[in-house]
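Enquirer: here is my input, please return the structure:
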Amino acid sequence: MSRGTNRLEITDKQLELDTVIGMVAKLSANGSEIARLMIGCLSELKDRRESDLIPVTKFTQGMHTLNAISKQFAHVKSEVDEAQHEINSLLACRRFYSRPEYLAALELIDIQTSCESLLHLLGYQEHGRRELRKQVIAKNAERGYYDE
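Expert: Prediction:
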């Protein structure tokens, strides 16, 4: 926001949602229902941005080759093996952690992150991956896989 104006300047950088939420909060102080709804929507958007899967690119920059794709797929399989180990430990109750399901959950998120990285290697940027997820959700909904 420019000093001395009410104009919001948006650059090519990620919009600072905390700033926008604060600005809208000032409007909602006047009792605006629309402003309160906007705060809810912006807060949800902020939460989604902070929890979206992000591909790991540190080890694969510039490696959009079949060899890199093969290596990433092998990594996905190794993450599945790690998750399987944690799930087996959880089911057998062989570990004495206060929350063994937490370790299994972390491994499952590692699988998701590895798959996101593989999609990135296949050339799908954030928007493309989001569109693919929408298509899979629609396909699964059409097949009746979700309780409504």
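Enquirer: which residue is the nearest non-sequential neighbour of the spatially most central residue of the chain?
Expert: Nearest to the geometric centre of the chain sits D52, at 1.5 Å (C-alpha atoms, centre = their mean). The shortest distance from D52 to any non-neighbouring residue, by C-beta to C-beta, 6 or more residues apart in numbering, is to E126 (8.0 Å). C-betas here are computed from N, CA, C, even on glycine.
Enquirer: domain ranges for the chain, per the record?
Expert: 1-51, 66-123 (automatic domain parsing).
Enquirer: all helices of the protein, in order?
Expert: 17-28, 33-51, 66-92, 100-121, 126-142 (DSSP state H).
Enquirer: elements contacting the first one?
Expert: Okay, so that is helix 17-28. helix 33-51 (3 or more C-beta pairs under 8 Å, 6 or more residues apart in numbering; DSSP states H and E).
Enquirer: let me know the angle separating the helix it packs on from helix 17-28.
Expert: 170 degrees (axes from the mean of the first three to the mean of the last three C-alpha atoms, to 10 degrees).
Enquirer: list the buried residues for helix 33-51?
Expert: Buried positions in helix 33-51, judged by neighbour count with 16 or more other C-beta atoms under 10 Å: A35, M38, I39, L42, K46.
Enquirer: and if you look at stretch 70-85?
Expert: Q72, H75, V76, E79, V80, E82, A83.
Enquirer: need these in JSON lines (columns: pLDDT and distance to D18).
Expert: Listed next are these as JSON lines, based on pLDDT from 0 to 100; distance: C-beta to C-beta, whole Å:
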{"residue": "Q72", "pLDDT": "84", "distance to D18": "34"}
{"residue": "H75", "pLDDT": "87", "distance to D18": "34"}
{"residue": "V76", "pLDDT": "88", "distance to D18": "34"}
{"residue": "E79", "pLDDT": "90", "distance to D18": "33"}
{"residue": "V80", "pLDDT": "90", "distance to D18": "37"}
{"residue": "E82", "pLDDT": "88", "distance to D18": "35"}
{"residue": "A83", "pLDDT": "86", "distance to D18": "34"}
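Enquirer: dump those residues to TSV, plus distance to N30.
Expert: TSV is the format used below for the buried residues of stretch 70-85 (distance: C-beta to C-beta, whole Å):
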residue	distance to N30
Q72	52
H75	53
V76	51
E79	50
V80	53
E82	53
A83	50
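Enquirer: now for the residues you listed: which two are most distant?
Expert: The span of these, defined through C-beta to C-beta, is set by Q72 and A83 at 16.5 Å.
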